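> predicted coordinates and the sequence they were generated for:
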Amino acid sequence: MDTTWLTKAWANPQALSANLWLIIALPAFGALVCGVFGRALGRTYVNLVACASVLASFCLSVFAFQAVAADPSVIVTPAANGVPMRFALSGDWGVWFQAGSFSAHLGLWVDHLSATMLMVVTGVGFLIHLYSTAYMEHDAGYWRFFAYLNLFMASMLTLVLADNLVLLFVGWEGVGLCSYLLIGFWYTDAANAWAGRKAFIANRVGDCAFLLAMMLLVLTVTAFAKAPGTEPPAVFFAQRRAVWTHAATSEPGPLNFKVLEEFAQYMPANLAMGSRGMLGTDIPIGPLAGHTYGHTLTLVFLLMLLGAAGKSAQLPLYVWLPDAMAGPTPVSALIHAATMVTAGVYLLCRMAPLLVMSPAAMATVAVVGALTALYAALIAFAQDDLKKVLAYSTISQLGYMFLGVGVGFFWGAILHLVTHACFKGCLFLSAGSVMHGNDNEVNIKKLGGLRKEMPWTTACFGIATLAITGIIPLSGFFSKDDILHGALHARLVGYEWVGPTVFAIGSLGALCTAFYMSRAYLLAFTGERSKDAKVPHAHESGWVIVAPLVILAALSIALISHGFPGLLKMPNGEPETLMEAFLKPVFGVADRLAIEAHSLLPEAERSPWPGFGIALLLAWAGGGAAWYLYKRVFPARAGKPAPEVFAAVRAFTVHKFYVDELYDAVLVRPIKLLSIGLFRVVDEGLIDTVLVGGTAWVTARIGSLLRYLQTGDVQAYAAMMAVGLLAGVGYAIFEALAK
Amino acid sequence: MPPIPNLTAADFLPLWPAVVLSLAGMVLLLSEVFLKATEREGESVRTYQAVFTVGAAVLAGGLALSLTFEPARAVFLAFAVLDPFSSFITAVACLGLALTALLSDGFLRQRQAERGEFYALLLFATAGMSLLALSNELIMLFVSLEVMSISTYALAAYLRRGPRPTEAGFKYFILGAFSSALFLYGAALLYSASGTTHLAGLASELGRIFADPSSDRRLVVYCGMALVAAGLAFKVAAVPFHMWAPDVYEGAPTPVTALMSVGVKAASFAALVRVFLAIGRHVEPQVPVLLFSTLAILTMVLGNLLALPQRNVKRMLAYSSISHAGYLLVGVTALFVPQARAGLPGVTVLAAGTRADQADALRAILFYLLTYTVTAVGAFGVVGALERREDETRGFGWDVDRFSGLAQRRPGWAVAMAAFMLSLGGIPPLAGFMGKLLVFRAAVDSGLLMLVVVGVLTSAVGAYYYLRVVVYMFMRPPPEQATLAPHQWGTEVALAVTAAAVVLLGVAPGLVTRWLGPAGHLFGQ
C-alpha cells in the first residue's frame, strides 16, 4: 500500500505557518458576530456561525497537526551544537510590546505538544458546540452563550498556540474570563453568579503567582544572558530553531519558549563548572544577584505551580471547580473538564526543560497532584449530584496529570490529558443528556433505571466509566497506569521517597475512582426508576446530542493505541508507546536535561505489566465493592438507618471535609471584615471625605477666594505687575550685591 | 553715516512669510474699496476674504516650513536670523491664523461685521509674530512686538457693540503699553551695560562681564533682565503679569481670542527663549532658573486655581491659557538648568546645560505650542459657534449651561469639544498629553522634579474644570429653548481639522517630531 501521502504534509507548511492566526481569528470572529448581531440573526444563523467557525478552525488544526506529525525528520537528531532539532510551524507577527530590554512578540507556533492540544481543543470543542445547539435550544440567551463559547475557543487557542509566556497569559486570562461568564451564564440566580465569582477569585490568586513567576523568570534569563563568563553563543537569542518560520524577526524576548528551552540547554554547559554543582551557582548580576539559579528556578516553579493549581483546580485552590458546575453542562464538559482546566498541565509541560532543573519543585508538583487525586476522589464518594461527582472526578484526574508531570513523566501526563478530555467530555455530555431527558434532575438517587429509557446515553456513559476506572483496559487505564508506573520508577535526586509515595497514594486514588464512578453509574442508570424522579419516564435525546457522545466514547476506546506499551521499539530495543514517540521531539530535551542536570534519574526500564496487573486488580476491587454495596447491601437495608460508621464518614465527605468552611473562617471572613473596616474607615472616611472631598473643597475655596484679586480694575492689574516686577528687581539687586 | 549695507537676496529669504502675510493684508484692505460685496438674501457676503486669508496663511506657512530645511544663519547684518526654530514658530502662527480665519467667517457674518480690515489686522498681527520669531536684535524685536500687539489691540476691540469689547481693547492697550515700556527700559539697561543691542554681541559682552568677578555692571544687567522678563511675561500672560488676560480674552471676539491664545503666545515664547538664551546663559546660572521656575510655579498654580470656580467657559479657557503658559515655562526653565542634576531648582550650580538637554527642551516647547494651538483654537471655535448675539451684552453667553446636552444636539461638536477638553487636561492619547509628556520629560532630565510635581498636580486640578464641560455636554439634558446657530462651513472645517489633529498628534506624534529635529538649536546659541 502506498503510504507516502501520510508522510507528506497535506498543506504547504509555509502557508500554514503564515496563516496560523486564522485558527484563533475564526472563533474570535464568530464570537463577535454572535455577540453583536446574534439576537438579530436568530437561532439558526447563530448556531451556524458558531459551529462553522469552530469547524473551520478544527480543519485548519488538522492540517497543522498533520504537517507537524507527518514529517519524517521528526526524530530527534542532535544537531552540530548538540541542540536537537525541533519541528514546528511558527509564525511571528513582530514585536507586540517592548519595555527596556524586555520584549514580547506576537508569535504563534505548533509543535508536537501544541498540535496535540490543538486537536483536543478544536475537536472536542466542535463536538460540544454541536451538542450545545440542541442543548441550548430552549434558552433565550443562546446568542450570548455561543458568543462566550466562541470567545472561549479563541482564548484557549491563543493559550495553546502562543510561542511565549506573555501571549499564553493573554489566553490564560481570556479563558478565565470566559469561564467566569459561562459559570454565571444564568446570572439571574444569585448562586450561579456567586459561583462565577468564586471561580474568578480563586483563579486570580493563581494568576498573581503566575505573573510573579514570569517576572522572576525574566530576571533569571536576562541575568544569565548578560552574566560574564556564562556568555551564551550567539544562537541564544538570535536564531530561531523552527524549520518553517513565517517572518522570523529579531530577538524574540526572554519569555519565548524556544529561548527558554535554549536557556535550559546552555545552563548545564555553562554552570556545571561551579564547585556546588550547576544549580548552586550564584546569579552574578541583576536584582537577583546572590541567589543561586537553583533556588530561583525552584521559586519560579513553585509560583507557577500555584498558578497552574488555580487554573487546574488542584490543592489548595480546587474549591471553585465543584461550584463551577452551576454553568450549563456543555460548558462543564468543554471548559471544566476537557480543555481549560488542563491549561495548568499544559503550562508545566511547556516549561518541562526548565522544570526538570528543580527536583524540589518537581517533588512538590508530584505530591500536590497525588494528594489532590486521592482527596478529590474521597469527596466524590458521597456526592449525590451527578455533575458534582464528575467535577470531583475531574479534580482527581487532573491530580494524576500533575503527578505525571512531577515525576518527569510528561508524555504520560499529556496522554492522560487527551484521553481524559475524551472520556470526561463524554461523561459530562452524557450527564447533560440525562438532565435533558429528566427535566434537569442531577441527583443520582432520584434517577435510576435509565438503561432502558436512554440506551445510547447509558452505553456511552458506561464506556466512559470503564475508561476512567480502568476496569477493563480502555484508554484511561493505560494513560493513568502509565503515569503510576512511571511514578514508581522515577528517582528524583534528593527526593527519592516521592516516587513510591505518590505511586501508593495514586493507586489508592485509583481504587476510590473505580468505586465512586461505578456508584454513580449503578445508581443513575441501573436498577429501578427512583420514586422521587421528577418525570416518570425519561426520553432519549436527539442525534445532535447523542452523536458527540458516541464519537467521544469511540475515541475513549480508540486512544488505547497511544498508551499501549510496546507498540514501538526504541533504537536500543526498549519498548515505547506511540504517544511517547510522538512527543519525543518536545520532551526529549527535558529528559536529556534531567540526566545532565542530575535531577531526575530514570531507573532501568522494567516491564510495566506487573504494575498493570495490580492496577487492574484495584479497579476491579473498587468497582466490585461499589457493585456489592449498592446492588446488594443497601437495597437490602432499604428503610433502615445506615450504620453509624457509614453515617459519620458520609457526613464528613458530604461536606467536602469542611474545606469551604475552613477557607471561609480562615481566609474569607477575616479578609471581608478587614476590607469592610478599611472601606468604612480608610476609604469612605479618610480618602473619600478627607482627602478627595477635602482637597477638592479646599482647592475650590482657594480658587474662589483668588477670584477677588481679579477686580476688573486696570490700576489694580498694573499694581500687581509692579509688585511682580519689584520682586524681580529686588532679587536682581540681591543677587548682584551678594557677590 | 555708516555705509549702506550690501544685502543679498538670501538675506530676504526668512522674510518671505511675513511679506506674503503683509501683502495679503494690504490687498484685503484695498479690496474693500474696489470689490463690491456679493449680495445674497439682503446680506453682504464676504466669504472671499476669509478664503483669501486662509490661502495667504497656507502659503506663508508652507514657505515657513520649507525654510526649516535652510541652513541656519544670521541675515540682515545679524539683525535677524534664519533658523528652523523661527521658521517653525512662523508655521505654527500661520496655522493659528488659517484656523482663526475659518472660524471668523461665520462668526462675523452672524454679527454682520465682515469687513476687510478684520482679516487685514489678523494678517498684520501674524506678520508681526513671524518677525518676532526671527528677530535677533532688541530694537527689531521691540518693533515686531509692537506690530503684533497693536494689531491685536485693535482686534480685541473690533466688535464695537456693547461695553465689553471696548473695555477689553482699552485694558489690553493700557497694560500692553505699560509692559512695552518695561521691556524698552530693560533693553536700554542691557544696552547701557553692554553697548550693543544685538543679541549675539550682548551674549559675548555679558560673558565678559560675568567672567570678571570685579565687574560692577552686574546690577545693571540683572535689573535689565528683570525688566525684559516682565515685559515678555506680560505677553505670554505669566502670573503675576496675567491679570489682563481673562478680561481681554473674554471681551475680544472669540476667533480673536483664539489667535491671541495661540499665535501671540507662540511668538512671545519664541522671543522670550531667544532673548534669554542670549543673556541668561552667561549670567549666574541660578538666576534664570529661579526666575523662570518662580514664574512657572505661580502661573501653573494660580492659572489652574483661578480656572476652577469659573462657570464661564470662555473665561475658564482664558485661565487655562494662563496655566498652559505655566507648563511651557517649565520647559523654558529646563533650558537654563546647569548640567549637574539639581534636585531643586537653583540649588546646585555647575557648568551650563548641555546642548542635548537644551535641544530636547526646545523641541518639547515647540511641540507643546503646536498641540496647544490646535487644541485651543478648536475649543474657542466651539465656544464661538455656541455664542448667541443676544447674550453677548448680558455676559452669560458663555455659561457652561450652554453646553448642556450638546451631545444630543450637535454630536460632532460635542465629541470634538470633549477631545479638546481632554487634550487640554493632558489625558492620553490626545495631543495635550504628548505635549505635557515631552515638556515634563525635558524638565525631569534637567532635574526639575519639583516643577514637574507641581505641574502634574495642577494638571490634576485642571481635569476638574475641563471635565465639567464634558459632563455638561454628555450628561445633562439639553435646555428647553435651545436654539443653535446654523452650520457654518468654515467652523465645521476648522473643528474637523483641529479635532483630527488633536487625535493624530496624540497617537502619532512622530509625524511632527521629525520636523522638529533641527529646531532644537537656536542659531548662534
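In hand now; what should we look at?
> buried residues in stretch A:666-681, which are they?
Residues of stretch A:666-681 include none that count as buried (16 or more other C-beta atoms under 10 Å in any protein chain shown). (Glycine included, C-beta is placed from N, CA and C.)
> ah, wrong one, I meant stretch A:711-721
Using 16+ other C-beta under 10 Å as the test for burial, stretch A:711-721 gives A:714, A:717, A:718, A:720, A:721.
> what comes into contact with that stretch?
Residues outside stretch A:711-721 that contact it (C-beta atoms under 8 Å, 6 or more residues apart in numbering or on different chains): A:709, B:170-171, B:174-175, B:178-179, B:182, B:230, B:234, B:240-241, B:243-244, B:247.
> are any of those buried, and which?
Buried members of the contacts of stretch A:711-721, scored by 16+ other C-beta under 10 Å, are B:170-171, B:174-175, B:178-179, B:182, B:230, B:234, B:240-241, B:243-244, B:247.
> filter those down to the ones near chain A?
B:170-171, B:174-175, B:178-179, B:182, B:230, B:234, B:240-241, B:243-244, B:247 (C-beta under 8 Å from any C-beta of the partner chain).
> wait, doesn't residue A:103 sit right on residue A:95?
Yes: using C-beta atoms under 8 Å, residue A:103 is in contact with residue A:95, at 5.4 Å.
> more neighbours: which of those two?
Comparing residue A:103 with residue A:95 by other C-beta atoms under 10 Å in any protein chain shown, the one with more neighbours is residue A:103, at 20 against 16.
> where's that one relative to residue A:96, distance?
Residue A:103 is 8 Å from residue A:96, where distance means C-beta to C-beta, to the nearest Å.
> send the alpha carbons of whatever helix or strand residue B:293 lives in over as CSV?
Using DSSP states H and E, residue B:293 sits in helix B:286-307. Provided in CSV are the C-alpha atoms of helix B:286-307 (Å, rounded to 0.1, in the frame of the first residue of the first chain):
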residue,chain,number,x,y,z
GLN,B,286,20.8,80.0,39.2
VAL,B,287,19.3,83.4,38.3
PRO,B,288,17.3,82.5,35.2
VAL,B,289,16.4,79.1,36.8
LEU,B,290,15.0,80.8,39.8
LEU,B,291,13.3,83.5,37.7
PHE,B,292,11.6,81.1,35.4
SER,B,293,10.7,78.4,37.9
THR,B,294,9.1,81.0,40.1
LEU,B,295,7.1,82.3,37.2
ALA,B,296,6.2,78.7,36.2
ILE,B,297,5.0,77.7,39.6
LEU,B,298,3.0,80.8,40.2
THR,B,299,1.5,80.5,36.7
MET,B,300,0.6,76.9,36.9
VAL,B,301,-0.8,77.1,40.4
LEU,B,302,-2.8,80.3,40.1
GLY,B,303,-3.9,79.7,36.5
ASN,B,304,-5.5,76.4,37.5
LEU,B,305,-6.9,77.6,40.8
LEU,B,306,-8.5,80.6,39.2
ALA,B,307,-10.0,78.5,36.4
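> so which elements touch the helix or strand following it?
Sequence order places helix B:313-335 as the next helix or strand after helix B:286-307, per DSSP H and E. Applying 3 or more C-beta pairs under 8 Å, 6 or more residues apart in numbering or on different chains; DSSP states H and E, we find helix B:313-335 packed against helix B:218-236, helix B:244-251, helix B:254-259, helix B:265-279, helix B:286-307, helix B:355-386, helix B:431-445, helix B:449-475.
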